[in-house]
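Asks: when you get a sec, could you give me coordinates for this:
(4 chains)
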2 protein chains.
Amino acid sequence: MMQHDEEPSANEAPADAWVGAVDLGKLAEGLGFALRRAQAAVAEDFAARFKDEDIRPSQFAVLSVLRGNPGLRQTQVSFALGIQRTNFVPLIDELERRGLAERRRVPGDRRAAALFLTKPGAALLDRLESIAHAHGARFAARVGGPDAFARLLRLLGCVADRTLDPEG
Amino acid sequence: MMQHDEEPSANEAPADAWVGAVDLGKLAEGLGFALRRAQAAVAEDFAARFKDEDIRPSQFAVLSVLRGNPGLRQTQVSFALGIQRTNFVPLIDELERRGLAERRRVPGDRRAAALFLTKPGAALLDRLESIAHAHGARFAARVGGPDAFARLLRLLGCVADRTLDPEG
DNA sequence: TATTGTTATACTCTATAACTATA
DNA sequence: TATAGTTATAGAGTATAACAATA
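Replies: Sure thing, here's the model as predicted:
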């Protein structure tokens, strides 16, 4: 009766035997489905590698942007990452609570908040990027090496780029 | 100022001018970030094209699998699609409520439910696949043609494939 | 004992409306 | 009037635990 090596959950997937036998039909040609599966695999590896750092992809992304763009406004960071500014509030709240980032008032505009990486935040980011390097290397290996990996990133960039549409 | 052509929302993104100026740093080399942006673009196009059919990607996927595999058990379909069987219940519930799919008892096992596409479900699926064809064509064009698109699908398949890892 | 389908539940992510204080 | 940050809220998607009926 199909024991797994990991996952003691009672709601585990049944035998893996028949899942490969399912005919996915046109679904296998779908970009959305392929992206979903790829993202699930990447998210799984991310979760495993960053478990001890207690950091989520969006938090990592914020810290990463703050390093390259200190003093950016909240709204600028949020939309650069594709996160609505309304959902960005609790995100930066937690980073600030953990002492990894901070909001500073900007002299010219009393409404705005400029974001900065703290020293502990920068130290954490160093560690995160080192882990991320190994994380990326796993998938570079899966796709067949650095060149194929670079090709994949370029293709994904095209997918996300509206300006490449026929009408402009 | 700064009026958009669409989106009357009050929570819209501010000027698009400065978002391109943000330095994403190492984030731009991240597979997870690239996948996120690509998936957002694909989801946006999907939502626009399938709006009138009132169908979500997961529902489309179920109908698609049922055509190629009539009589499959609920759990088999759900795990073939990477959906937990517990979350699959309300999904198939709604498809059945809308008369697009149906559960039938299987003779040998009184616990199991075999899933089938109904005639209206098959008719809808025909329409959906026609829309999906145009949907896919948009992104094939974005990445530079059918060959590049096929290459992208193959690379994404590698990303999702654990068996390609060094250790096996 | 294990499996199938199910319910209940919780947590994250995302989306919209509306408020405040500024500009 | 418009913008920056915020709050509240609702909807998806996803996760685990536990149950009844059946194997």
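Asks: rest of the way, CA atoms for contacts and neighbours
Replies: Noted.
Asks: so what touches stretch A:123-136?
Replies: A:D45, A:F46, A:R49, A:F50, A:E53, A:F60, A:L63, A:S64, A:L100, B:G30, B:L31 (C-alpha atoms under 8 Å, 6 or more residues apart in numbering or on different chains).
Asks: just the buried members of the residues you listed?
Replies: For these, a neighbour count by 16 or more other C-alpha atoms under 10 Å in any protein chain shown gives the buried set as A:D45, A:F46, A:F50, A:F60, A:L63, A:S64, A:L100, B:G30, B:L31.
Asks: neighbours of A:F149, how many?
Replies: 22 (other C-alpha atoms under 10 Å in any protein chain shown).
Asks: show only the entries of the contacts of stretch A:123-136 found in helices.
Replies: A:D45, A:F46, A:R49, A:F50, A:F60, A:L63, A:S64, B:L31 (DSSP state H).
Asks: so which bits of chain A are right by DNA strand D?
Replies: A:9-11, A:73-76, A:85-87, A:89-90, A:111-114 (C-alpha under 7 Å from any atom of the strand).
Asks: re the thing from before, filter the ones in helices among the contacts of stretch A:123-136 by proximity to DNA strand C?
Replies: Counting by C-alpha under 7 Å from any atom of the strand, no member of those reaches DNA strand C.
Asks: want to throw those residues into TSV with pLDDT and distance to B:V106?
Replies: Below are the ones in helices among the contacts of stretch A:123-136 laid out as TSV (pLDDT from 0 to 100; distance: C-alpha to C-alpha, whole Å):
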residue	pLDDT	distance to B:V106
A:D45	98	38
A:F46	98	40
A:R49	97	43
A:F50	97	44
A:F60	98	49
A:L63	98	54
A:S64	98	54
B:L31	98	43
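Asks: nearest to DNA strand C, of those residues?
Replies: A:F60 (10.4 Å; C-alpha to the nearest atom of the strand).
Asks: and the helices in chain A, which stretches?
Replies: Going by DSSP H, chain A shows helices at A:31-50, A:57-68, A:74-80, A:85-97, A:119-143, A:146-160.
Asks: now the longest one against helix A:85-97, angle please.
Replies: Angle, helix A:119-143 to helix A:85-97, by axes from the mean of the first three to the mean of the last three C-alpha atoms, to 10 degrees: 120 degrees.
Asks: so helix A:119-143 versus helix B:31-49, what angle?
Replies: Using the same axes, to 10 degrees, helix A:119-143 lies at 80 degrees relative to helix B:31-49.
Asks: sorry, back to before: ok, and which of the helices of chain A has the densest surroundings?
Replies: helix A:74-80 (a mean of 21; mean count of other C-alpha atoms under 10 Å in any protein chain shown).
Asks: that helix close to chain B?
Replies: Yes - residues of helix A:74-80 are located near chain B by C-alpha under 8 Å from any C-alpha of the partner chain, namely A:Q76, A:F79, A:A80.
Asks: how near is the second one to A:A160?
Replies: Going back to what we said before, that points to A:F79. For A:F79, the distance to A:A160 equals 15 Å [C-alpha to C-alpha, to the nearest Å].
Asks: neighbours around A:R98, how many?
Replies: 12.
Asks: and if you look at the one 10 residues further on?
Replies: Number of residues near A:G108 (other C-alpha under 10 Å) recorded here: 7.
Asks: and of the residues of helix A:74-80 next to chain B, the nearest to DNA strand D?
Replies: A:Q76 (6.5 Å).
Asks: report pLDDT for that closest one.
Replies: Looking at A:Q76, its pLDDT is 97.
Asks: A:F79 contacts A:N87, correct?
Replies: No - look at A:F79 against A:N87 with C-alpha atoms under 8 Å: they stay out of range, at 10.6 Å.
Asks: could you find the closest non-adjacent residue to A:D165?
Replies: Leaving aside its sequence neighbours, A:D165 sits nearest to B:R142 (C-alpha to C-alpha, 6 or more residues apart in numbering or on different chains; 5.8 Å).
Asks: for that neighbour, what are its contacts?
Replies: A:C158, A:V159, A:D161, A:R162, A:L164, A:D165, A:P166.
Asks: which of those residues tops the neighbour count?
Replies: A:V159 (29 neighbours).
Asks: mind listing what that residue touches?
Replies: B:A38, B:A41, B:V42, B:F139, B:R142, B:V143.
Asks: quick check: pLDDT value at the residue nearest in space to the middle of chain A.
Replies: The centre of chain A sits closest to A:P57, judged by C-alpha atoms, centre = their mean, with a distance of 3.9 Å. We note a pLDDT of 98 for A:P57 in this prediction.
Asks: any weak-confidence spans in chain A?
Replies: A:1-20, A:168 (pLDDT under 70).
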